[in-house]
Every structure is written in structure tokens, then in C-alpha cells.
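Enquirer: predicted model and sequence below, questions to follow.
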Amino acid sequence: QVHLVESGGGLMQAGGSLRLSCTASGRTFSNYAMGWFRQAPGKEREFVAGINWSGRADHYADSVKGRFTIFRDNAKNTVYLQMSSLKPEDTAVYYCAAGSTNSFSDPFNYWGQGTQVTVSS
């Protein structure tokens, strides 16, 4: 069983930066893609960013491209989401997700408990 623990959420003013972390356990971290999703109040969960097993390929939602960066440290079993130029519309619960394969193009099948990010205007 894969266990994911997120941290780093909080309250930030628009234009600020936050870094989310997600540490995984339960299987060989470096063999699998990782991703970040978010869910705002009243909305469905949406994809934010994904990274493949090696960290050499990533993909972003258009809404965060150029502002957010996903990266991973396989030695620490941790994936990060660096968020910059935050906007109020980035306010959501952010979820870490573990992939079913080494590619972020395939389904994610494990989820963290979520961490709240609130951006004030």
C-alpha cells in the first residue's frame, strides 16, 4: 500500500510563493510517476502537474504553466510543487498523487489526504 503525506500548504497573499511537499512510502518511489491535483470549493478535482519517474519530463495545466514547477528527489522519496505568482483562483485543496506506471500520462491510483492552499487578494 502506498502512503502519501503532503505538507507546505497555508495562507499566502496574491503574488507570493509556496512550496508543497509530498513524501511517499510503500513501494519503490523512483519507478513511478507523480502528480499534483487540486480541488476548489464547488468544483471537480483537476490536474495541476505531473512528472515522470526520472524527473526528466513533466506536464502542466495551462492555468499554472510558467508559474508552478514540479520536481522530485528520488533519494528522499519526495515530490514537490513550487508555486509562484499565486492568484486567488489558485485557492484549493492540493492533493499529491502516485502514478500506476512510470509515466504521468497513465492513471494515478494513490492519493494523499490533501493540503489547503488559500491565496488572498
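Expert: Received the coordinates, thanks.
Enquirer: show me the residue at the heart of the protein, geometrically.
Expert: Nearest to the geometric centre of the chain sits residue 36, at 2.5 Å (Cα atoms, centre = their mean).
Enquirer: for it, give its distance to residue 121.
Expert: For residue 36, the distance to residue 121 (Cβ to Cβ, to the nearest Å) stands at 23 Å. C-beta here means a position set from N, CA and C on the backbone, and glycine is covered the same way.
Enquirer: cool, and residue 47?
Expert: Residue 47 is 25 Å from residue 121, by Cβ to Cβ.
Enquirer: could you pull out the strands for the protein?
Expert: Remark: strands assigned in the chain by DSSP state E are 3-7, 10-13, 18-25, 34-39, 46-51, 58-60, 68-73, 78-83, 92-99, 108-111, 115-120.
Enquirer: turn those into JSON lines, including mean pLDDT.
Expert: JSON lines is the format used below for the strands of the chain (pLDDT from 0 to 100):
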{"stretch": "strand 3-7", "mean pLDDT": "96"}
{"stretch": "strand 10-13", "mean pLDDT": "96"}
{"stretch": "strand 18-25", "mean pLDDT": "97"}
{"stretch": "strand 34-39", "mean pLDDT": "98"}
{"stretch": "strand 46-51", "mean pLDDT": "98"}
{"stretch": "strand 58-60", "mean pLDDT": "97"}
{"stretch": "strand 68-73", "mean pLDDT": "98"}
{"stretch": "strand 78-83", "mean pLDDT": "98"}
{"stretch": "strand 92-99", "mean pLDDT": "97"}
{"stretch": "strand 108-111", "mean pLDDT": "96"}
{"stretch": "strand 115-120", "mean pLDDT": "98"}
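Enquirer: can you pull the contacts of residue 33?
Expert: 50-53, 98-99, 101-104, 106, 108 (Cβ atoms under 8 Å, 6 or more residues apart in numbering).
Enquirer: which one's more surrounded, residue 47 and residue 121?
Expert: residue 47 (17 against 9; other Cβ atoms under 10 Å).
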